[in-house]
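Peer 1: Sequence first, then the predicted structure, then my questions.
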Amino acid sequence: MPVQLEIITAERVVLSDQVDQINAPTRAGRVGILPRHAPLLTILEAGELDIIKNGERTAFAVSGGFMEVLPNRVTILADTAERSDEIDEARAEEARRRAQERIEVAHSDRDMMMAEAELRRAMVRLRVAQLRRIRQRGGGE
């Protein structure tokens, strides 16, 4: 019995589907969600969100947000969410480089925090894109 998953950002509905499992990055660590999970409301961290359906894993890069878990429905309200095949690795690498430059020249704590958040988002996007390439070559998880 699958669980209904909705991944929503301010711009679009990223995914609306029945899935078998969700592995999400939360402030408390990674959590695995299966159908009939106990109700939960949690804050998402920047990281890799894995969706498993019919034995196939699909990775998403998320940059934070909230996840509500009900026994047969999971709603993710993400700041940003991109499926691994939507990520332009060259653009993500350029964003990583720019964020590192901003960290080096940050003049205030606020500038530093914003640059560090940009760096985390870029690193997550790169990691998810690289994992996609490895999986396509048959390199496993």
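Peer 2: Received, thanks. If you're wondering where the values come from, they're calculated on a predicted model, not measured in any experiment. Numbering: from 1, shown residues only.
Peer 1: Please count neighbours and contacts with C-alpha atoms only from this point.
Peer 2: Will do.
Peer 1: Please report the number of neighbouring residues for Trp39.
Peer 2: Careful, residue 39 is Pro; it's not Trp. 12 (other Cα atoms under 10 Å).
Peer 1: any idea how far it is from Leu70?
Peer 2: 5 Å (Cα to Cα, to the nearest Å).
Peer 1: Next: Lys53.
Peer 2: 18 Å.
Peer 1: Specify the residue positioned farthest from the middle of this protein.
Peer 2: The outermost residue of the chain relative to its centre, with distances by Cα atoms, centre = their mean, is His107 at 29.5 Å.
Peer 1: Need the three-state assignment for that residue.
Peer 2: Here His107 is coil, with the state taken from DSSP: H, G, I helix; E, B strand; the rest coil.
Peer 1: Following element in sequence after the helix or strand hosting Asp17, please.
Peer 2: For Asp17, the host element (DSSP states H and E) is strand 13-19. Going down the chain from strand 13-19, the next helix or strand is strand 21-26, by DSSP H and E.
Peer 1: so what does that next one touch, helix or strand wise?
Peer 2: Applying 3 or more Cα pairs under 8 Å, 6 or more residues apart in numbering; DSSP states H and E, one finds that strand 21-26 contacts strand 29-33, strand 40-53.
Peer 1: most packed of those strands?
Peer 2: strand 40-53 (a mean of 20; mean count of other Cα atoms under 10 Å).
Peer 1: Which pLDDT value belongs to the residue farthest from the centre of the chain?
Peer 2: Among the per-residue scores, His107 shows a pLDDT of 89.
Peer 1: now do Gly140
Peer 2: pLDDT, read off for Gly140, is 55.
Peer 1: Can you list the low-confidence ranges for this structure?
Peer 2: 138-141 (pLDDT under 70).
Peer 1: Mark out where each domain of it begins and ends.
Peer 2: In the domain annotation for the chain, the residue ranges read 3-84, 87-136 (automatic domain parsing).
Peer 1: center of the chain - which residue?
Peer 2: Using Cα atoms, centre = their mean, the residue of the chain that lies closest to the mean C-alpha position is Val62, 2.5 Å off.
Peer 1: and that residue, helix, strand or coil?
Peer 2: strand.
Peer 1: Perfect, that will be all.
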